[in-house]
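>>> 3D, please:
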Amino acid sequence: MKKILVTGSLGQIGSALTMRLRKEYGVDNVIATDIRHLEGSPIVEKGHFEILDVMDREKMLEIAKRYEVDTMIHLAALLSAVAEAKPQLGWDLNMSGLVNALEVARELNLKFFTPSSIAAFGPDSPKDNTPQDTIQRPTTMYGVTKVAGELLCDYYHTKFGLDTRGVRFPGLISYETEPGGGTTDYAVDIYYEALKNKKYTSFIGKGTYMDMMYMPDAVEAIIQLMEAEPSKLKHRNAFNITAMSFEPEEIAASIRKIIPEFTLDYDVDPVRQGIADSWPNSLDVTDAKEEWGFAPKYDLDCMTEDMLEKLAMKLNIKEKKLIHS
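Now for the predicted structure:
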């Protein structure tokens, strides 16, 4: 990767990835785009930034040509809970945006990355240690678009020789952006509320296991996959990756090691609970490890410690065990 265009750069993944790419490849070599302009954001103000609606293929092509990019990382998408509330918009944005990005990549012969998701699996998929290659019959619009996206990327690779790559992300936990409408967002929200109010009401039920990953590991995985030798990639798209699997009580117990008075209760959202119940408990990441060396660094307790420390600084909250002043 030498010159990289990122769509959806102000989202949860994009915010962390864009800053990391600028650090790795140089500020002038990363072009961030999003449908909105966020005043004060370092993504917008400390590097190249362009307003881009990914439904506008011509604008996307014009930006890619003007900056002479050789790589596109396409992140713009509607997340699971939002897409379920607005299924037509979910299909339109997630699929038309992806086709536009793939077409621009094909025309300019770009290296291409777009993420899939654990949501690409469904209730008929094996629940535990879900294989890389298995039945995928998702019951959500988000999941349907992710399966279709995986197949499209495979098609563009086999039909046009496009260098497409991707991973299936589990729930991603990050301190850099507010939760954005995903089913796994309780595992982000819980840290905010632990610091602000010492309590949290989970919309996901007790005993519901979901795979998760801390954002620094997710960002490193994208870079590592994009830098991998093409000949070693048997799957190319939609590699299973994950770092940990836990349920709400376990994340609460991890938080109590630092904030002992933290309490957790429940008010289950049937829509998001139904989505979570259709997903696997844990993923088999063997192929990602073998084909490009995937190796996450953070477990639950390491993530909790770092997440609370970073959030406390961000929110200007002084926790005795976190901020020494």
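>>> How many residues are close by residue 177?
Applying other Cβ atoms under 10 Å, we find 17 residues neighbouring residue 177. To be clear about C-beta, it is placed using only N, CA and C from the backbone, and glycine gets the same treatment.
>>> Apologies, that question was intended for residue 27.
The tally of other residues near residue 27 (other Cβ under 10 Å) stands at 12.
>>> Without its sequence neighbours, what residue ends up closest to it?
In space, and not counting its chain neighbours, residue 27 is closest to residue 47: 4.7 Å by Cβ to Cβ, 6 or more residues apart in numbering.
>>> Shouldn't residue 311 be within a helix?
Yes - judged by DSSP: H, G, I helix; E, B strand; the rest coil, residue 311 forms part of a helix.
>>> Can you give me every residue that contacts it?
Listed by Cβ atoms under 8 Å, 6 or more residues apart in numbering, the contact partners of residue 311 are 175, 191-192, 195, 317.
>>> For residue 201, state which of these is nearest.
When the contacts of residue 311 are compared for distance to residue 201 (Cβ to Cβ), residue 192 wins out at 12.4 Å.
>>> how near is the closest residue to the closest one other than its chain neighbours to residue 66?
Setting aside the residues directly before and after it, residue 192 is nearest to residue 311 in space (Cβ to Cβ, 6+ apart), at 6.5 Å. Applying Cβ to Cβ, to the nearest Å, the value for residue 311 to residue 66 is 37 Å.
>>> Give the buried residues for the least confident helix or strand in the chain by mean pLDDT.
Lowest on mean pLDDT, DSSP states H and E among the helices and strands of the chain sits helix 80-85, with a mean of 87. Within helix 80-85, the residues that count as buried by 16 or more other Cβ atoms under 10 Å are 80-84.
>>> and residue 123, how many neighbours?
By other Cβ under 10 Å, 13 other residues sit near residue 123.
>>> any idea how far it lies from residue 22?
When residue 123 is compared with residue 22 (using Cβ to Cβ), they lie 41 Å apart.
>>> I'd guessed residue 160 sits against residue 106; true?
Yes - using Cβ atoms under 8 Å, residue 160 makes contact with residue 106 at a distance of 5.2 Å.
>>> Pull up the overlap in contacts between these two.
Counting by Cβ under 8 Å, 6+ apart, nothing touches both residue 160 and residue 106.
>>> residues contacting residue 20?
219, 223.
>>> Make sure it is indeed in a strand.
No - Residue 20: not assigned to a strand; according to three-state DSSP it is helix.
>>> which stretches of this structure form helices?
For the chain, the helices defined by DSSP state H cover 12-25, 42-45, 57-67, 80-85, 87-91, 97-108, 141-160, 186-196, 215-227, 248-256, 270-277, 286-292, 300-315.
>>> Let's see the first one as CSV, backbone CA atoms only.
Meaning helix 12-25. Provided in CSV are the C-alpha atoms of helix 12-25 (Å, rounded to 0.1, in the frame of the first residue of the first chain):
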residue,chain,number,x,y,z
GLN,A,12,-15.9,3.3,14.4
ILE,A,13,-13.3,1.4,12.4
GLY,A,14,-12.4,4.3,10.1
SER,A,15,-11.5,6.7,12.9
ALA,A,16,-8.9,4.4,14.4
LEU,A,17,-7.7,3.0,11.1
THR,A,18,-7.2,6.3,9.3
MET,A,19,-5.0,7.7,12.1
ARG,A,20,-3.0,4.4,12.2
LEU,A,21,-2.6,4.4,8.4
ARG,A,22,-1.3,8.0,8.4
LYS,A,23,1.2,7.1,11.0
GLU,A,24,2.3,4.0,9.1
TYR,A,25,2.3,5.3,5.5
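>>> between that helix and helix 186-196, how many degrees?
Orientation check (axes from the mean of the first three to the mean of the last three Cα atoms, to 10 degrees): helix 12-25 against helix 186-196 gives 90 degrees.
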